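**Q** Below is the structure, and that's it, no one-letter string:
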């Protein structure tokens, strides 16, 4: 059986582990320089490279039109003033997000506004679906809101980071 020091002496230095390098230094009396790989430090924790961000302005326009149309439809059908106010508020927020996304210096603000609005309406439609247990109209609106939320999240992460 071969002694440990002769095995380590035959190994190239990058294959030695730190504890074995100490044994090697003690056994041979020579210090070997170990070249250990360092992990590259990342200054960015989140990075989004998806192409969904390109659809953010169109998504804000379509989502705003859908919210306005849904609010007007609910008001005409059942006289719901809350739906009318919600539809107008959603359309106003999405219009502001759309115009902010058109200017490169304020694109991240527009993405954040779109994200916040979509998150708000996702929460509202989710609560309404859970409270009423009726799939129509809260279910499809929740699905569209989650889709818009995904698009605005992607756009915000791509622009911000």
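**A** Thanks, I have it. Given the structure is predicted, the values throughout are model-derived calculations rather than measurements.
**Q** Where does pLDDT dip in the protein?
**A** Judged by pLDDT under 70, the chain has its weakly predicted residues at 1-50.
**Q** Okay, helices next: where are they in it?
**A** Listed in chain order, the helices of the chain (DSSP state H) span 4-10, 18-28, 56-78, 81-102, 107-132, 138-160.
**Q** Deepest-packed of those helices, please.
**A** helix 138-160 (a mean of 20; mean count of other CB atoms under 10 Å). No exception for glycine: its C-beta is placed from N, CA and C like everyone else's.
**Q** got the contact list for it?
**A** 46-50, 52-53, 55-56, 59-60, 63, 66, 70, 97, 101, 107-108, 111-112, 114-115, 118-119, 121-122, 125-126, 128-129, 132 (CB atoms under 8 Å, 6 or more residues apart in numbering).
**Q** what do you get if the cut-off is 6 Å, keeping everything else the same?
**A** Under the contact criterion CB atoms under 6 Å, 6 or more residues apart in numbering, helix 138-160 has outside partners 46, 48, 50, 52-53, 55-56, 59, 63, 107-108, 111-112, 114-115, 118-119, 121-122, 125-126, 128-129.
**Q** again with stretch 58-78
**A** 80, 83-84, 86-87, 90-91, 94-95, 97-98, 114, 148, 151.
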